[in-house]
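1. A predicted structure for the sequence below; I have some questions about it.
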Amino acid sequence: MSTIVYIYAFCLHAHMLNRYPRREEPTPEKALVTRTPARLVSRNASQIDFPASPAQIANLAEQQLSAARSKAYELWTKTYIEEAIEFLRENFSSVTAVEATVLFIEAFGLQYSTLQWAHPFDTPPIASLSLNSRQVHVPDARILLTSEFWAPATLWSLTSLFIPLLVSYFFNLTLRSNTRHRSSKGMYAADPLTFNVVKALMTYIVYPTTITPVQGSIAKVVYPKWGPFGAETVSAVRDNIPGGYPGVMIGAGIGILASIYDAALKK
């Protein structure tokens, strides 16, 4: 009897499910699918903050430019380039720096011309970069053991550096100009004006040229020797300094003008 009742209840339940199906509750995924694409686009577009006017666009661009400018200035400050430029400017703005620059140019030009250059090897060609083989030249250190290098270097050092420096140390007019003030302002260990005057005189005495006529219109230039230095050494210095004899005189003239200008500013 109980089995018949159980079967009858199961059939009644199945009949009710077929007649009144269970309604499923909508999920967020199904609700999103049932919406139209136009409503989704309109809602997403309404959430984007577009500028309302050209003035706002200009303000936004100005803000971005200001941020980029501040970032670039921060990077520039971290490189310390301004400090290096100011340091070089402060140290180069003196008579000593002007004279040191002139002497460096003369010494570099003389040594570059008197040094012999060797050719030890060639660079390998690189076909992928379209680079051909190049000759590599380096200074020949063996010339440092010969008089061909040291004789011109010693002669130039005496006439352009040591003798003018010695004379300007004892004949220092900057010491006398500050005896009343008792201060070191405008004083130099060696008078720059005297240094350049003596340098010009030594150049005029040591490196003159004598033109001797030979066979009518043909002239021969003769370089006289000076002290223990022969004519070849004198001609090597005169011909290999940048600008030659006029170049040395121009360098001395620049030093004289810088010395006079510096003394006038310190009065």
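-> Cool, the structure landed.

2. these two touch, right, V95 and L257?
-> No: using C-beta atoms under 8 Å, V95 is not in contact with L257; the gap is 10.0 Å. (Each C-beta comes from the backbone N, C-alpha and C, glycine too.)

3. of these two, who's got more company?
-> V95 (20 against 14; other C-beta atoms under 10 Å).

4. Quick check: the more buried one vs F170, distance?
-> As defined by C-beta to C-beta, to the nearest Å, V95 lies at a distance of 19 Å from F170.

5. Next, the buried residues of the helix or strand hosting S157.
-> S157 belongs to helix 147-157 when assigned by DSSP states H and E. For helix 147-157, burial by neighbour count (16 or more other C-beta atoms under 10 Å) applies to E148, F149, A151, P152, A153, T154, L155, W156.

6. so can I have TSV of these showing pLDDT and distance to V197?
-> Formatted as TSV, those follow (pLDDT from 0 to 100; distance: C-beta to C-beta, whole Å):
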residue	pLDDT	distance to V197
E148	84	31
F149	85	29
A151	92	26
P152	92	24
A153	92	24
T154	94	22
L155	94	20
W156	94	18
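
7. show me where pLDDT drops low in the protein?
-> Confidence mapping of the chain against pLDDT under 70 gives the ranges 1-53, 177-186, 210-223.

8. That one: helices as residue ranges?
-> Shown for the chain, the helices assigned by DSSP state H span residues 2-19, 28-34, 37-47, 54-78, 81-92, 95-114, 147-157, 163-170, 173-176, 192-206, 231-240, 244-265.

9. Turn those helices into CSV, including distance to A127.
-> Formatted as CSV, the helices of the chain follow (distance: least, C-beta to C-beta, whole Å):
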stretch, distance to A127
helix 2-19, 84
helix 28-34, 61
helix 37-47, 56
helix 54-78, 39
helix 81-92, 39
helix 95-114, 34
helix 147-157, 41
helix 163-170, 56
helix 173-176, 65
helix 192-206, 53
helix 231-240, 40
helix 244-265, 45
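
10. Quick one: closest of those helices to Q135.
-> Ranking the helices of the chain by proximity to Q135 (C-beta to C-beta) places helix 95-114 first, at 17.6 Å.

11. May I see the buried residues of that closest one?
-> V95, V98, E99, V102, L103, E106, A107, G109, L110, T114.

12. And stretch 60-79, by the same measure?
-> Under 16+ other C-beta under 10 Å, stretch 60-79 has no buried positions.

13. With L131 as the reference, name the closest of the helices of the chain.
-> The nearest among these, by C-beta to C-beta, is helix 95-114 at 26.5 Å.

14. Alpha carbons of the closest one, in PDB - could you do that?
-> Provided in PDB are the C-alpha atoms of helix 95-114 (Å, rounded to 0.1, in the frame of the first residue of the first chain):
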ATOM      1  CA  VAL A  95      95.600  86.600 -16.300                       C
ATOM      2  CA  THR A  96      97.300  83.300 -15.200                       C
ATOM      3  CA  ALA A  97      94.700  81.200 -17.100                       C
ATOM      4  CA  VAL A  98      95.200  83.300 -20.300                       C
ATOM      5  CA  GLU A  99      99.000  82.900 -20.100                       C
ATOM      6  CA  ALA A 100      98.700  79.200 -19.300                       C
ATOM      7  CA  THR A 101      96.400  78.600 -22.300                       C
ATOM      8  CA  VAL A 102      98.900  80.400 -24.600                       C
ATOM      9  CA  LEU A 103     101.800  78.300 -23.300                       C
ATOM     10  CA  PHE A 104      99.800  75.100 -23.600                       C
ATOM     11  CA  ILE A 105      99.000  75.800 -27.300                       C
ATOM     12  CA  GLU A 106     102.700  76.500 -28.000                       C
ATOM     13  CA  ALA A 107     103.900  73.400 -26.200                       C
ATOM     14  CA  PHE A 108     101.300  71.100 -27.700                       C
ATOM     15  CA  GLY A 109     102.000  72.300 -31.200                       C
ATOM     16  CA  LEU A 110     105.800  71.900 -30.700                       C
ATOM     17  CA  GLN A 111     105.600  68.400 -29.200                       C
ATOM     18  CA  TYR A 112     103.100  67.200 -31.800                       C
ATOM     19  CA  SER A 113     105.300  68.300 -34.600                       C
ATOM     20  CA  THR A 114     108.600  67.100 -33.200                       C
END
